[in-house]
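**Q** Only the shape, not the letters, is given here:
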């Protein structure tokens, strides 16, 4: 078992205000949801979560956004916030707070729609920031391919640095295989929104390509000691 705990990409440019705000908002929303009893929590999820069959009938479209701030448990929240903390500030530092806010929310919407495309008749609500964070990871891959991700290998009690291209490429492969494999012969799916992850990631890759072109004269992957004004 292994998971990322940081990166060696030096932050430069804009302050990651929205990234930090997202951490606070998600944690506060999680704390509130976890304080509810089971009935209240289920009601909250069904009201603010996005239900695919209702999405395609044009109902409760506000849940395309509200579903991004709810989580199914402490580990779900903690895992998403870890990935958000590692990858989001780098992207926001390049494109700016307002642009990053739009990108994050649109990435979350794209991810939720992707989930709905593969589960059009589902009456179960989908919640979580995973899709939006997957978009951030897709953009990070394109914008900082030379960065290195610090990964903790649990059973070896050690950390290693893995190229972002390798780490995120492997992550995307895993999501794709899991997404394809989630459909059993009986047509049932598991409880992970794999296609939201995939859709969000692809959205992020496209946005990352656009951002890399737009900011090519201002930013590149930075190693310690370099200026944030270096060219791509």
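**A** Structure received. Everything numeric here is computed off the predicted structure, so don't read it as measured data. Numbers count the residues shown, from 1 in each chain.
**Q** Adjacent strands (with direction) for the least confident helix or strand in the chain by mean pLDDT?
**A** Ranked by mean pLDDT, DSSP states H and E, the weakest helix or strand in the chain is strand 2-7, scoring a mean of 88. Strand pairing for strand 2-7, using DSSP bridges, gives strand 148-153 (antiparallel).
**Q** and the strand it pairs with, which residues are buried?
**A** 148, 149, 151 (16 or more other Cβ atoms under 10 Å). C-beta: built from backbone N, CA, C; applies to glycine.
**Q** returning to that earlier point: after the least confident helix or strand of the chain, which helix or strand is next? Please name it.
**A** helix 17-34 (DSSP states H and E).
**Q** Pick out the residue closest to the middle of the chain.
**A** residue 133 (1.1 Å; Cα atoms, centre = their mean).
**Q** list the contacts for it?
**A** For residue 133, the contacting residues are 80, 83, 84, 87, 88, 200, by Cβ atoms under 8 Å, 6 or more residues apart in numbering.
**Q** do that again at 6 Å, thanks
**A** Taking Cβ atoms under 6 Å, 6 or more residues apart in numbering, we find residue 133 in contact with 80, 83, 84.
**Q** Then residue 209?
**A** residue 142.
**Q** Now do it against residue 182, distance only.
**A** As defined by Cβ to Cβ, to the nearest Å, residue 209 lies at a distance of 28 Å from residue 182.
**Q** Over to residue 149?
**A** Taking Cβ to Cβ, one finds residue 149 at 26 Å from residue 182.
**Q** Repeat that for residue 145.
**A** Noted for residue 145: a distance of 29 Å to residue 182, by Cβ to Cβ.
**Q** Please enumerate the helices of the chain.
**A** Secondary structure of the chain (DSSP state H): helices at 17-34, 38-48, 52-55, 63-66, 74-95, 97-118, 130-143, 164-181, 194-214.
**Q** what's the most buried one of those helices?
**A** A comparison of the helices of the chain by mean neighbour count, using mean count of other Cβ atoms under 10 Å, puts helix 130-143 on top with a mean of 28.
**Q** between that one and strand 2-7, how big is the angle?
**A** 60 degrees (axes from the mean of the first three to the mean of the last three Cα atoms, to 10 degrees).
**Q** average pLDDT across helix 130-143?
**A** What helix 130-143 shows for mean pLDDT is 97.
**Q** same thing with stretch 157-176?
**A** Mean pLDDT, computed over stretch 157-176, is 94.
**Q** Next: stretch 109-116.
**A** Across stretch 109-116, pLDDT averages out at 97.
**Q** now swap in stretch 30-38 and tell me
**A** The average of the pLDDT scores along stretch 30-38 is 97.
**Q** ok, and what's touching that stretch?
**A** 41, 44, 71, 77.
**Q** which of the residues you listed lies closest to residue 119?
**A** Closest approach between those and residue 119, by Cβ to Cβ: residue 71, at 19.0 Å.
**Q** tell me the contacts of the closest one?
**A** Residue 71 neighbours (Cβ under 6 Å, 6+ apart): 30, 77, 128.
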